[in-house]
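# attaching a predicted model along with its sequence, questions to come.
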Amino acid sequence: RCTHPYLVAGWCRKIDYNNSALAVAKMTMDSQIRQIQGRGIPLLGDDIDTDRIIPARFLRCVTFEGLGEHVFADDRAQLGGQHPFDLPQFQGATILVVNGNFGCGSSREHAPQALARWGIRGMVGVSFAEIFAGNCLALGIPCVTAAAAVVREVQSRLLQDPAVPMVLDVVKLRLEVGDRVYEVGLAASVQQMLVNGTWDACGQLVSQLPRVREVAAALPYLSW
């Protein structure tokens with residue numbers, strides 16, 4: 001189950017540990033992404049780029065707050081309420097199922113931020129743009145791959161039965177859709193970071209503030 005505080009409790013947390021080693025251990029435990037459960041949302045089409053995920057006019061925001069309501073804003077407007085992100089049967093879905101080269105185009109980190117703030121916690125697709133997948137990893141969002149035929153079958157299943165339960169298992173690298181189980185792929189290094197909780201570089205840095213201050217104090221260009 002995905003319980004990372006950044007994802008569950010508004011993306012903000014205060015860390016106040018006296019022992020930096022204990023802080024790192026707690027940070028790692030809280031950040032482990034081992035399994036994501038919920039319902040799926042199918043989004044059909046190859047080469048869906050980041051400008052479609054979150055149009056450029058929304059990049060002027062000072063923070064990422066509120067981006068979720070603008071995800072796929074132009075596509076949704078064009079489809080007049082028939083976009084999957086507007087359909088009532090897919091509201092509350094946590095696993096996005098896409099096709100090939102998802103997240104291509106601009107490297108804007110607003111794209112995964114918008115998806116995450118809408119409620120997406122994991123993605124399954126034929127392939128993902130490398131920078132987009134890296135930005136997702138920085139948020140603890142697994143982007144696993146599956147064969148094109150598998151993805152199409154899962155999308156079809158979701159269209160027929162939006163309520164079918166799904167489990168994305170990052171440890172066993174498999175996707176459960178109702179009574180069906182599919183193999184999924186993920187780079188070993190990425191899988192290890194998600195499972196061990198070491199994907200959250202910023203969180204680990206903040207959890208070691210005493211050591212950071214110690215090193216900073218010893219730097220001549222900071223203590224002159």
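Okay, I see it.
# isn't residue 158 right up against residue 96?
No - using Cβ atoms under 8 Å, residue 158 is not in contact with residue 96, being 10.3 Å away. The way it works is simple: take the backbone N, C-alpha and C, and place the C-beta from them, glycine included.
# and for these two, which residues touch both?
40, 41 (Cβ atoms under 8 Å, 6 or more residues apart in numbering).
# partners of the nearest residue to residue 94 once chain neighbours are set aside in the sheet?
Excluding the flanking residues, the one nearest residue 94 by Cβ to Cβ, 6 or more residues apart in numbering is residue 38, at 3.3 Å. Beta-bridge partners for residue 38, by DSSP bridges, are residue 166.
# list the residues that contact residue 38.
92, 93, 94, 95, 121, 165, 166.
# which stretches in this structure count as strands?
Taking DSSP state E, the strands of the chain run over residues 35-42, 95-97, 122-125, 143-145, 165-169, 174-177, 180-183.
# parallel or antiparallel, list what pairs with the last one.
In the sheet containing strand 180-183, the strands it pairs with under DSSP bridges are strand 174-177 (antiparallel).
# spatially central residue for this structure, please.
residue 141 (2.5 Å; Cα atoms, centre = their mean).
# pretty sure it contacts residue 118?
No - assessed by Cβ under 8 Å, residue 141 is found out of contact with residue 118, at 11.7 Å.
# just for the chain, where's the confidence low?
The chain contains residues with pLDDT under 70 at 1-29, 224.
# okay, helices next: where are they in it?
5-8, 20-31, 50-53, 73-78, 110-118, 130-137, 148-160, 188-196, 201-207, 209-218, 220-223 (DSSP state H).
# would you mark the buried spots in stretch 144-164?
Of all the residues in stretch 144-164, those buried under the rule 16 or more other Cβ atoms under 10 Å are 144, 145, 146, 150, 151, 152, 154, 155, 157, 158, 162, 164.
# relative to residue 219, which of those is nearest.
residue 144 (40.7 Å; Cβ to Cβ).
# how much space between the closest one and residue 89?
23 Å (Cβ to Cβ, to the nearest Å).
# same check, this time on residue 114
Relative to residue 89, and taking Cβ to Cβ, residue 114 is found at 21 Å.
# higher neighbour count, the two?
Higher neighbour count among residue 114 and residue 89: residue 114, with 25 against 14, using other Cβ atoms under 10 Å.
# that one is in contact with residue 53, isn't it?
Yes - between residue 114 and residue 53 a contact is recorded at 6.3 Å, counting by Cβ under 8 Å.
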